[in-house]
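Engineer: requesting a structural model of the entry that follows:
(one chain, ligands or ions: 1)
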Amino acid sequence: MIYLVEHFYSIQGEGRYTGTPSLFFRFGGCNMKCEGFGCTEVAPNGVKVLGCDTVYAVNREHFLQNWIPIKSSSELLNILNLYDLPLGVDIVLTGGEPLIYASEPVFVEFLEALHADGHRITFETNGSLNVDFEQYPIYKESVFALSVKLSNSNEPFGKRVKGEIISSIALNAKEAFFKFSIDADSITAGLEDEILEIISYAPKTGVYCMPLGGTKEEVEANTQPLIEFCKSKGYNFSDRLHIRIWDQNRGV
Ligand code: SF4
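Structural biologist: As a prediction, the model looks like this:
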């Protein structure tokens, strides 16, 4: 079963396509927890849950009652009719981790229909789940924002960095780029080595570093040290416009 958490029309707030009007589909579920990011949210059952800034789209145990079960691709496609969208508007599939559904027939049908209608499809993914580009050629037509997790996520290395998957996505996808979430305290020589190791699996792929944080205050505190880090390493700085402008992740 596929679960959709929310959909909204906004501008892309981060990465290579920052500022591009985009329709977002946020899917529920993830293969990680990233409790190291230290964001908390109170679930409908009153439990305070620790995780990343989209913990409400990750933690099935406590947030499932707010997730929408999807049984057919037309349920997803009909969502486009709810908005007054420009022709061929960008579609961003995010989560949670949208690629947990990569082999679901309903999900693949949805992607194929979007592509046939001329939409650019971008996955916001942690880059740790295998994508079968031969069985599902639609993924060769898609953009992958590879938000590979660093040690600041507190996930084990073997779970968050899968070199062969990163290489396969960079090789087969229409386009891919790295997107790292970094806080000021993590900017150390160790961080540099971590990033170098990850990008070695796809050396020609662009690198964007974003300030970590689920609130405007956190993003702003991490921005300036991160800009200095990007300047010294030659990486692209990416803002997180949606958090800076609206001070939240949900629905923007
Ligand atoms: S991989 Fe992404 S969505 Fe999943 S828990 Fe980590 S930060 Fe959140």
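
Engineer: isn't residue 19 up against residue 90?
Structural biologist: No - taking CB atoms under 8 Å as the definition, residue 19 is not a contact partner of residue 90, at 10.7 Å. In this view, the C-beta of every residue, glycine as well, is placed from N, C-alpha and C.

Engineer: overlap of the contact sets of those two?
Structural biologist: residue 12 (CB atoms under 8 Å, 6 or more residues apart in numbering).

Engineer: which one of these two has more residues nearby?
Structural biologist: residue 90 (19 against 10; other CB atoms under 10 Å).

Engineer: the strand or helix carrying residue 92 near the ligand at all?
Structural biologist: Using DSSP states H and E, residue 92 maps to strand 90-94. No - Strand 90-94 lies out of reach of the ligand by CB under 6 Å from any ligand atom, never closer than 8.2 Å.

Engineer: ok, and what's touching that strand?
Structural biologist: So strand 90-94 is in contact with 12, 17, 20-27, 54, 114, 119-124, going by CB under 8 Å, 6+ apart.

Engineer: part of a strand, is residue 26?
Structural biologist: Yes - judged by DSSP: H, G, I helix; E, B strand; the rest coil, residue 26 forms part of a strand.

Engineer: how about the residues of the chain near the ligand?
Structural biologist: The chain comes close to the ligand at residues 30, 32-34, 51-52, 54, 58, 95-97, 126, 149, 153, as judged by CB under 6 Å from any ligand atom.

Engineer: show me what contacts the residue nearest to residue 20 when sequence neighbours are not counted?
Structural biologist: Closest residue to residue 20 apart from its sequence neighbours, by CB to CB, 6 or more residues apart in numbering: residue 12 at 4.7 Å. Applying CB under 8 Å, 6+ apart to residue 12 gives the contacts 18, 19, 20, 21, 22, 90, 92, 122.

Engineer: got it, and residue 39?
Structural biologist: Residue 39 touches 50, 51, 52, 53, 55, 214, counting by CB under 8 Å, 6+ apart.

Engineer: likewise for residue 59?
Structural biologist: With CB under 8 Å, 6+ apart, residue 59 has these contacts: 33, 43, 49, 51.

Engineer: top of those residues by neighbour count?
Structural biologist: residue 51 (24 neighbours).

Engineer: ok, that residue to residue 247 distance?
Structural biologist: Distance of residue 51 to residue 247, given as CB to CB, to the nearest Å: 19 Å.

Engineer: how about the strands of the stretch 51-200 of the chain, start to end?
Structural biologist: Under the criterion DSSP state E, counting those that start in this stretch, the stretch 51-200 of the chain contains strands at 68-70, 90-94, 121-125, 143-146, 175-182.
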